[in-house]
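# following is a predicted model, sequence given first.
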Amino acid sequence: MASPPDDELWHENQQLRRRVADLEARLQDLTRRLEEALRAGKRQAAPFRKGPPKANPKTPGRKAGAAHGRHGHRAPPPADQVQETHEAALPDACPDCGGGVAETGVVTQYQTEIPRRPVYRQFHVRLGQCRQCGKRIQGRHPLQTSDALGAAASQVGPDAQAAAVLLNKQAGLSHAKVAAVFRALFGLGLTRGASAQMGQRAATRLAPTHQAILQELRVSEQLKVDETGWRIGGHPAWLHAWVGDQATGYVIDPKRGAAALERVIGRDWGGVLVHDGFASYGRFAEAIHQQCVAHVLVRARELLAAATRGAVRFPRQVLGLFTEALDLRNRYRAGAVPVEALWVARDAFDERLLDLVARPRAVPAYRRLARHLWRHAESWFSFLTEPSIPATNWPAEQAIRPAVVNRKVWGGNRTTLGAWAQGVLMSVIATCGRQVRSALDFVSEALRAFGNRDLPRPALLPAR
């Protein structure tokens, strides 16, 4: 058999060399991704997970010159609030040589300390009887939180109960840790059960406020919504977060679907609904939908990072299309583009998106993304028609993050009643923050006003 010509062998050798080079490059890329995945698995879970180390990180510590930043100083308290005055006397002799010490002046130093001694109150409750109907009448002081007497006559004050609620629901401490904090800081004996009962009691008395928050969501012009996994007694559940115009509401429901939101706002709600594309929100046919653009950008970047050669084209086109729309909206906000330009561009962006996703895709991940973009084609650029509409549902994601942190600490709720109380208290605390109100003071006032006809219930939301 005749041997192949030398030039044929040379071409075959070159092809094999190129193939080996391609395989080596692919192997290096896969090795790099594997190392990144292993490093990421050792870090903390989201939202604390960070990306790979920066190539040129900044030097830690304070910077010199203008970049040094502003120095922070604690302001001295007002003179009428100083409760203690102490003298820092000079020593009788110099600690180095033993010589006599002559006083040359006096300067002032201030210190702010936390109270470590609980306040014990005693109430003399007057009892009486109506002369006309014979009904038993009992006196009530504004600082009391309950009319209970007898075995339940020794109680914890309203500020302490409100602090226990915030430590558990806002700071994320378990009931055992709340009891430990009270015992260590204030010398106040508290059990885990007592901490849990304080949360239930506060939720019961704040239930009307929670209903007012849900009513505010019902009349809001915009709602940003999101949901995350939860646990009730070890069983799967879902925590729903809804951010309205003036209030933030939470509800824990056994199901993820939008039925929980429908019970609050009704299926015929006609405002602007900003969400992450979960299909269950499509039931609100009267609403103007805005899909979260950030979710699409994240998916496109992930596809681009895994793509090679010609496969990079589709994710780049998706990134370019949405980035261009966001840049146009930002230039409008800066005053560089009139609002009419946004309205004209909205139709052009819709057409470009339909043209992009209508083409057949060979890669399964690209087909899934294209179907998702096609399914919600009318809901991606609503922020151009009305610039006040946010392009992402980040307010809802921000509202849900504290709950995710708490879930990682103590895993959810043990009972359905505890899950209801969780939603009530989180709604009140978050809405207090939006209304620039002290959640501690508001909960304390609500505890004192319950059952006291002389104290009106505190109002959290302004009347519309």
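Yes, it's here. Just so it is clear, the structure is predicted and the values come from calculations on it, not from any experiment.

# contacting residues around the residue lying closest to residue 90 once chain neighbours are set aside?
Spatial nearest neighbour of residue 90, chain neighbours left out: residue 101 (5.1 Å); criterion: CB to CB, 6 or more residues apart in numbering. Just so you know, the C-beta spots here come from the backbone N, C-alpha and C atoms, and that holds for glycine as well. Shown in contact with residue 101 (CB atoms under 8 Å, 6 or more residues apart in numbering): 90-94.

# those residues in helices, which ones?
Among the contacts of residue 101, the subset assigned to helices under DSSP state H is empty.

# as JSON lines, the residues you listed with distance to residue 62, neighbour count and pLDDT would be great.
Shown next, in JSON lines, are these (distance: CB to CB, whole Å; neighbours: other CB atoms under 10 Å; pLDDT from 0 to 100):
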{"residue": "90", "distance to residue 62": "35", "neighbour count": "11", "pLDDT": "90"}
{"residue": "91", "distance to residue 62": "35", "neighbour count": "7", "pLDDT": "90"}
{"residue": "92", "distance to residue 62": "40", "neighbour count": "8", "pLDDT": "90"}
{"residue": "93", "distance to residue 62": "39", "neighbour count": "11", "pLDDT": "92"}
{"residue": "94", "distance to residue 62": "35", "neighbour count": "11", "pLDDT": "91"}
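
# now, which of those sits nearest residue 142?
Taking CB to CB as the measure, residue 142 lies nearest residue 90 of the contacts of residue 101, at 48.8 Å.

# determine how far stretch 439-451 lies from the middle of the whole chain.
Distance of stretch 439-451 from the chain centroid (CA atoms, centre = their mean, to the nearest Å) equals 24 Å.

# again but with stretch 426-439, I slipped
Centroid separation for stretch 426-439 versus its chain: 13 Å, with CA atoms, centre = their mean.

# residue 273 in helix, strand or coil?
Assigned by DSSP: H, G, I helix; E, B strand; the rest coil, the conformation of residue 273 is strand.

# per-domain residue ranges of the chain.
With domains defined by automatic domain parsing, the chain comprises 127-205+440-449, 293-385.

# got the contact list for stretch 306-317?
Contacts of stretch 306-317 (CB under 8 Å, 6+ apart): 300-301, 303-304, 356, 361, 363, 366, 370.

# which SSE is immediately downstream of whichever strand or helix holds residue 313?
For residue 313, the host element (DSSP states H and E) is helix 313-333. The first helix or strand that comes after helix 313-333 along the chain, using DSSP H and E, is helix 339-358.

# list the buried residues of that next one.
The neighbour-count check on helix 339-358 (16 or more other CB atoms under 10 Å) flags 342, 345-346, 349, 352-353, 356-357 as buried.

# what's the farthest-apart pair in those residues?
Going by CB to CB, the pair spanning the buried residues of helix 339-358 furthest: 342 and 357, at 22.1 Å.

# please name the residues that touch residue 182.
Residue 182 makes contacts with 160, 164, 188-190, as judged by CB under 8 Å, 6+ apart.

# let's go with 10 Å and repeat that
By CB atoms under 10 Å, 6 or more residues apart in numbering, the contact set of residue 182 is 118, 156, 160, 163-164, 167, 188-191, 194-195.

# among those residues, who's most crowded?
Among the contacts of residue 182, the one with the most neighbours (other CB atoms under 10 Å) is residue 164, at 27 neighbours.

# that residue: which element?
helix 158-169.

# and after that helix, which helix or strand comes next?
helix 175-186.

# related to what we said a few turns ago, just the CA atoms of the helix holding residue 313, as PDB, please.
The C-alpha trace of helix 313-333 is given here as PDB (Å, rounded to 0.1, in the frame of the first residue of the first chain):
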ATOM      1  CA  ARG A 313     -23.800  36.700  20.200                       C
ATOM      2  CA  PHE A 314     -27.200  36.100  21.600                       C
ATOM      3  CA  PRO A 315     -26.400  37.000  25.300                       C
ATOM      4  CA  ARG A 316     -24.500  40.000  24.100                       C
ATOM      5  CA  GLN A 317     -27.500  41.200  22.100                       C
ATOM      6  CA  VAL A 318     -29.800  40.700  25.100                       C
ATOM      7  CA  LEU A 319     -27.400  42.700  27.300                       C
ATOM      8  CA  GLY A 320     -27.000  45.400  24.700                       C
ATOM      9  CA  LEU A 321     -30.800  45.800  24.200                       C
ATOM     10  CA  PHE A 322     -31.700  46.200  27.900                       C
ATOM     11  CA  THR A 323     -28.600  48.200  28.800                       C
ATOM     12  CA  GLU A 324     -29.500  50.700  26.000                       C
ATOM     13  CA  ALA A 325     -33.000  51.000  27.300                       C
ATOM     14  CA  LEU A 326     -31.800  51.600  30.900                       C
ATOM     15  CA  ASP A 327     -29.300  54.200  29.600                       C
ATOM     16  CA  LEU A 328     -32.000  56.100  27.800                       C
ATOM     17  CA  ARG A 329     -34.200  56.200  30.900                       C
ATOM     18  CA  ASN A 330     -31.200  57.400  32.900                       C
ATOM     19  CA  ARG A 331     -30.500  60.200  30.400                       C
ATOM     20  CA  TYR A 332     -34.100  61.300  30.700                       C
ATOM     21  CA  ARG A 333     -33.800  61.500  34.500                       C
END
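
# tilt between it and helix 339-358?
Computed by axes from the mean of the first three to the mean of the last three CA atoms, to 10 degrees, the angle separating helix 313-333 from helix 339-358 equals 170 degrees.

# mean confidence (pLDDT) on helix 313-333, please.
For helix 313-333, the mean pLDDT works out to 95.

# and that helix, which residues are buried?
Across helix 313-333, burial judged by 16+ other CB under 10 Å covers 314-315, 317-319, 321-322, 325-326, 328-329, 332.
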